[in-house]
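In: give me the fold of what follows.
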Amino acid sequence: MCYDKRHTCHQKLTCTMKRGERMDQDKLNREDQVEYYRMEVQKLISYIPWLEQQKNKQAYNTYSGDGLAEHSIPFPVYDSTLLGFVKTAKSTLLMNRNYHYTYSKYRIRTTADELAFIRKAELKDMADLGNILSNYILTGMRRGDMWSKGVENGVFLEIIVKMREIITYWDKPMRE
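Out: Numbering: from 1, shown residues only. Just a heads-up that it's a prediction; the model follows:
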């Protein structure tokens, strides 16, 4: 029985997860992996059109009303769609606080490295794609520019599109 309230086990995936445990990709077959990730990625797919429009654009404004900039520290005002995306992404099981291991394992240092990894990703790399997403979402909770960078440089868009592409490819029934 699954104890994670965010995990919907009523579908094809039979969950044996215990409280606080993450999915172990190595123990699931292809169909179960695809089903697991489909449920999570479906929550984010609706943001693709907005992310396509916002690519290479700034996703926030700096509030400076009533002479605030002269006497105070400026702070960002985010687009409401970006905040909705962040909230939805945080609610998925793709979030992993140990995302640093993916960056060290694959020697990812720059945005170009991230985008190159995303473009080469396969089904076995789905957790690592979630870790790159986690980096931007979770770091953005304490560093104000990370969410906007994820939109501007296209990392959010590339991750979701690649995950959708992988799920679509592997969702086809095997030929006998």
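
In: my guess is residue 44 meets residue 85, correct?
Out: Yes: with contact defined as CB atoms under 8 Å, residue 44 reaches residue 85; the gap is 7.4 Å. To be clear about C-beta, it is placed using only N, CA and C from the backbone, and glycine gets the same treatment.

In: which one of these two has more residues nearby?
Out: Set residue 44 next to residue 85 and count neighbours by other CB atoms under 10 Å: residue 85 wins out with 25 against 20.

In: gap between the closest residue to residue 85 other than its chain neighbours and residue 71?
Out: Excluding the flanking residues, the one nearest residue 85 by CB to CB, 6 or more residues apart in numbering is residue 47, at 4.8 Å. Residue 47 sits 36 Å away from residue 71, going by CB to CB, to the nearest Å.

In: the more surrounded of those two?
Out: residue 47 (20 against 7).

In: list the residues that contact the more buried one.
Out: 81, 84-85, 88, 156, 160 (CB atoms under 8 Å, 6 or more residues apart in numbering).

In: can you redo those as CSV with pLDDT and distance to residue 98?
Out: Output for these, formatted as CSV (pLDDT from 0 to 100; distance: CB to CB, whole Å):
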residue, pLDDT, distance to residue 98
81, 94, 28
84, 96, 26
85, 97, 22
88, 97, 21
156, 97, 20
160, 97, 21
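
In: in PyMOL, select just the buried ones from these.
Out: With 16 or more other CB atoms under 10 Å as the criterion, this PyMOL line picks the buried residues out of these:
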select buried, resi 81+85+156+160
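
In: helix or strand right after the helix or strand of the chain with the lowest mean pLDDT?
Out: Lowest on mean pLDDT, DSSP states H and E among the helices and strands of the chain sits helix 68-71, with a mean of 65. Once the chain leaves helix 68-71, the next helix or strand it forms, by DSSP states H and E, is strand 75-78.

In: what residues sit buried inside that next one?
Out: Buried, per 16+ other CB under 10 Å, within strand 75-78: residue 78.

In: what does stretch 118-129 give?
Out: For stretch 118-129, a neighbour-count test (16+ other CB under 10 Å) marks 118, 121, 125-129 as buried.

In: got it, and stretch 138-148?
Out: 138, 140, 146-148.

In: run through who's touching the helix or strand hosting residue 83.
Out: For residue 83, the host element (DSSP H and E) is helix 80-91. Residues outside helix 80-91 that contact it (CB under 8 Å, 6+ apart): 6, 43-44, 47, 50-51, 54, 59-60, 95, 133, 137, 140, 147-148, 151, 156.
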